Structure formats: C-alpha cells, structure tokens
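Visitor: Quick one: sequence and predicted model below, then my questions.
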Amino acid sequence: MNVTPEMKEAFYQKYKESPLNSENAKTKIDESRILTLTTSESQLRDSVMTLIMLAIVLGLIGFQIYQTRRLKEQYARFAAYFPDYAHNMKQLLEDAEYVDPKLKILVMEDILVSYDINFTVIDLSEVSKASLVFENRRKGGMKYHFRFEYPDKKQDSILFRKNLLRLKELVEYLNEEYNLGLRVDFRLLE
C-alpha cells in the first residue's frame, strides 16, 4: 500500500488533536494526591489495621486449637468409660439407662454423655455440685447451661438452646437418681 506524505501529515495532525496525545490529554493526573496516599499517617493506619486483623486470625486459630484439644480429651474419656461402645454408638443408645434423642443426652453407669454440638462426657459420681443456669439472650432467645463442678474446681457445662421443655424430664431423672438438687422454673420455658 502506498501512503502519501500528505496522508501521513493528516494522520499525525489528527493524532496531535486526539486525547491519545499526552499533551492534549483531557484527564490530567493530579500528582499531589498520589503522593499523599503514602504518607506516614496512612502507613501507620494500614499497619494498625493489619495487626488487628492478624490478632483476630490468631485468636480464631487459638480457639480452634482449644476446641480440638477439648474434643480429643472428651473422646478419650468416652473411650475410657465405654471401651465396648467406642465403635458402636447405636448399641450404647439402646443399652443406656436414660436417653433423650431430642436433647441428644444419654446416661449410663453414672456417666452422662451429651452428643450434641459439643461432645461432653461427665462422670456424675465425681460431681460435687450441679447447677442449671438460665440466660436470656438479646434477640429474644434463651438458653440453659448445665454446669457441673468437680472437687478440684474443674467445670464442665452442657448448652441447651432447643427443646427446652424436654429439660424437665432430664432434671427430674438426675435429681431422682443422683440427688443433684437441680431446680428450674419451667414456666419460663413455656
């Protein structure tokens, strides 16, 4: 293709008038604002935010490590108390003295097992004090904790959020069989 010098000059003239030419750019860069983005004040703020996020992440990791260790300890206690049922939980549910599948609680041979969200194994013969703690939550919900204290001041607790009316049977059973002295006003649950 043959491009004449006049055509080259016309193209070059159009290029000079277009926004592609840096001399005629319609949007100029404000260099004073770019330079203020990296001041020491904003760097300090970014560093503080990074440290806060790091602390949150480390806290969550620490909590997960704690929960994992706690669950391993509870499963080890379960295996020690029930070696025959370690691999056959269904048989344990059939052989247990007290079972509540809605609360996910069973009692067998003075051992209370909660197999809900938090797996907890409690030896009722070692418990020195038991209490039922009611908590009213901000958004209108409520929850109950069974707190069990041992002579060495160690505590275990079981959290209940659902099926609170079924607690009455469990409290009556524990009071009758193990004389724990648990009391609750069940009118609050209705």
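Guide: Ah, there it is.

Visitor: Can you list the low-confidence ranges for this structure?
Guide: 1-3, 19-39, 136-142, 163-164, 183-190 (pLDDT under 70).

Visitor: if you set the cut-off to 80 instead, what comes out?
Guide: 1-3, 15-43, 86-87, 89, 117, 131-145, 160-168, 180-190 (pLDDT under 80).

Visitor: Check which helices and strands the longest helix along it is in contact with.
Guide: Longest among the helix segments of the chain by residue count, using DSSP state H, is helix 40-81. On a contact count with 3 or more Cβ pairs under 8 Å, 6 or more residues apart in numbering; DSSP states H and E, helix 40-81 meets strand 119-123. In this view, the C-beta of every residue, glycine as well, is placed from N, C-alpha and C.

Visitor: Give me the neighbour count for Ile122.
Guide: Counted by other Cβ atoms under 10 Å, the residues lying close to Ile122 total 22.

Visitor: quick one: it from Thr4, how far?
Guide: For Ile122, the distance to Thr4 equals 97 Å [Cβ to Cβ, to the nearest Å].

Visitor: Gln74 too?
Guide: Distance of Gln74 to Thr4, given as Cβ to Cβ: 89 Å.

Visitor: now do Asp123
Guide: Asp123 is 101 Å from Thr4, where distance means Cβ to Cβ.

Visitor: For the two, indicate the residue with more neighbours.
Guide: Asp123 (15 against 8).

Visitor: Tell me the bridge partners for that one.
Guide: Note on Asp123: beta-bridge partners by DSSP bridges are Ile111.

Visitor: Is it correct that it is in contact with Ile111?
Guide: Yes. The pair Asp123 / Ile111 is scored as a contact, 5.8 Å apart, by Cβ atoms under 8 Å.

Visitor: Name the residues contacting each of those two.
Guide: Tyr81 (Cβ atoms under 8 Å, 6 or more residues apart in numbering).

Visitor: Quick one: distance of the longest helix of the chain to the chain centre.
Guide: Distance of helix 40-81 from the chain centroid (Cα atoms, centre = their mean, to the nearest Å) equals 11 Å.
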